[in-house]
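Visitor: When you get a sec, could you give me coordinates for this:
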Amino acid sequence: MEKLKVGMIGFAHTHAEGFLRALANHPDVEIAGVADENRAYVEPFDQQYAYYADYRELLAADIEAVFICSENVRHAPLVIDAAHAKKHIFCEKPLGVSVTEMEAMLAACKQNGVQLMTAFNNRYVQAVVQAKQAVESGEIGTVIAVKGTNKGALPRRDWFVDPSLSGGGAMLDHSVHVMDLFNWILQSRVVKVYAESGTLFHDIPIDDMGMIHFEYENGVIGVLDTSWSRIKSFPMKRDLTLEIIGTEGTILVDVRKLSNEIYSNTASHAEWSDWGDNLNRLIVGDFVRSIRTGRPVPITGEDGMRSAVISLAAYESSRSGQPVKL
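Guide: All right, here's what the predicted structure looks like:
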């Protein structure tokens, strides 16, 4: 079987480099080109692979799939154009910044017979996988509530704090991963959202914190603390935790626990050296395997939309001061 020919469109998101390296190390993948109108984002990979300033030229090339890691507001047009070009798609989160555009993305992929996968690599954390298995086997009885946190540092690239490019601040950026995990573990859908957000930690024109309360169709209630509250001197730059409360027990998951703390006089703060599984390698491997075998991707565009609509409802609730029903 020939190698899967893949292109990368958009390097604005900081996860792009990790996905590209995973693709480069995959024995069944050939990277055919990289594209971003902002060439500075692509460096130094524009020297290693064919570079396209216009992504449409890459879509016209002899490739079977694309990875999209652009600014959030560009996800929809890029996915739709890739679908019309008959390319399978792996898209960074959040999938989109409005319900209408996400519905259009899913429709375009369905109409053109291509697969769309959302980049939720935290599903591959072994502690999360085991938590899901424990819930499904009834080890903690009936789940009645969940709690989550995703607190991190202000993103390095300026587009994250520009509403016209990001579509939302910390409450969008740091909620979708956690809500996808809860959706996946609980196998239910959120029916009500109440949230409050604000700008408390940085001088930026967008929210840097939010508290999201939600209720699932199966009766589980939850709360998520999401923010860019980690200042430069904070010992560790991010967290992601889950607490799943059942009638017969509680599961605690610290997704970032698989790391060593490194202290150096050459750095301004402590740093992490991860020793857990390479999540980018695992999720890229699943995408490649699905496309090569024709099997459905394990994390669909529908999954991406289910988590993003919760974030969008949270903004609506924050603006109105009222709960929002989904």
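Visitor: Kindly provide the distance from Q126 to L279.
Guide: Q126 is 10 Å from L279, where distance means CB to CB, to the nearest Å. C-betas here are computed from N, CA, C, even on glycine.
Visitor: more crowded one of these two?
Guide: Legend: neighbour count by other CB atoms under 10 Å for Q126 and L279, higher for L279 (19 against 10).
Visitor: Give me the distance between the nearest residue to the more buried one once chain neighbours are set aside and L312.
Guide: Among residues not flanking L279 along the chain, N121 sits closest, at 4.0 Å (CB to CB, 6 or more residues apart in numbering). Computed as CB to CB, the N121 to L312 distance reads 22 Å.
Visitor: what ranges do the helices span in this protein?
Guide: Assigned by DSSP state H, the chain shows helices spanning 16-24, 39-42, 45-48, 55-59, 75-84, 99-111, 126-136, 163-166, 170-173, 176-186, 279-293, 301-320.
Visitor: how much space between L78 and G10?
Guide: 7 Å.
Visitor: got it, and P205?
Guide: Applying CB to CB to P205 and G10 gives a distance of 23 Å.
Visitor: Closest to the centroid, which residue in this protein?
Guide: Computing the C-alpha centroid of the chain and ranking residues by CA atoms, centre = their mean puts K93 first, at 3.4 Å.
Visitor: quick one: it and N150, what's the gap?
Guide: 12 Å.
Visitor: still on that earlier bit, between P205 and G10, who's got more neighbours?
Guide: Set P205 next to G10 and count neighbours by other CB under 10 Å: G10 wins out with 25 against 10.
Visitor: right, and the more buried one touches I68 too?
Guide: Yes: taking CB atoms under 8 Å as the definition, G10 is a contact partner of I68 at 5.5 Å.
Visitor: which residues are common contacts for these two?
Guide: Shared contacts of G10 and I68, defined by CB atoms under 8 Å, 6 or more residues apart in numbering, comprise L78, E92.
Visitor: Pull up the gap between the most far-flung residue of the chain relative to its centre and Y41, please.
Guide: The C-alpha centroid of the chain is most remote from N265, which lies 32.9 Å away (CA atoms, centre = their mean). Remark: distance between N265 and Y41 (CB to CB) = 31 Å.
Visitor: Overlap in contacts, K93 and N150.
Guide: By CB under 8 Å, 6+ apart, the residues touching both K93 and N150 are H177.
Visitor: re earlier: what touches both of L78 and G10?
Guide: Common contact partners of L78 and G10 (CB under 8 Å, 6+ apart): Y55, I68, S70.
Visitor: Identify the residues contacting the closest residue to the last one other than its chain neighbours.
Guide: Nearest residue to S70 in three dimensions, chain neighbours excluded: G10, at 2.8 Å (CB to CB, 6+ apart). When the contact criterion is CB under 8 Å, 6+ apart, the partners of G10 are A16, A35, D36, Y41, Y55, I68, C69, S70, E71, R74, L78, E92.
Visitor: top of these by neighbour count?
Guide: Most neighbours among the contacts of G10, by other CB under 10 Å: A35, with 28 neighbours.
Visitor: what are the bridge partners for it, then?
Guide: I9, Y52 (DSSP bridges).
Visitor: From what I see, it and D46 are in contact.
Guide: No: using CB under 8 Å, A35 is not in contact with D46; the gap is 9.6 Å.
Visitor: give the contact list for G169.
Guide: The contact partners of G169, taken as CB under 8 Å, 6+ apart, are F160, V161, P163, S197, T199, I204, I206, D207, D208, W228.
Visitor: Among those, which one sits closest to S188?
Guide: Ranked by distance to S188 (CB to CB), those are led by S197 at 24.4 Å.
Visitor: Excluding residues flanking it in the chain, which one is nearest the closest one?
Guide: G210 (3.8 Å).
Visitor: swap in Y51?
Guide: Counting by CB to CB, 6+ apart, the residue nearest Y51 is V34, at 5.9 Å.
Visitor: Just give me the neighbour total for I80.
Guide: Counted with other CB under 10 Å, the neighbours of I80 add up to 18.
Visitor: Equivalent analysis for G285, please.
Guide: By other CB under 10 Å, neighbour count at G285 equals 18.
Visitor: and if you look at A40?
Guide: A40 has 8 neighbours, counted by other CB under 10 Å.
Visitor: is it true that I204 touches L154?
Guide: Yes: with contact defined as CB under 8 Å, I204 counts as touching L154 (7.5 Å).
Visitor: quick one: low-confidence ranges for the stretch 101-250 of the chain?
Guide: Regions of the stretch 101-250 of the chain meeting the criterion pLDDT under 70 cover residues 235-237.
Visitor: repeat that with 90
Guide: Residues of the stretch 101-250 of the chain that meet the criterion pLDDT under 90 lie in 156, 231-238.
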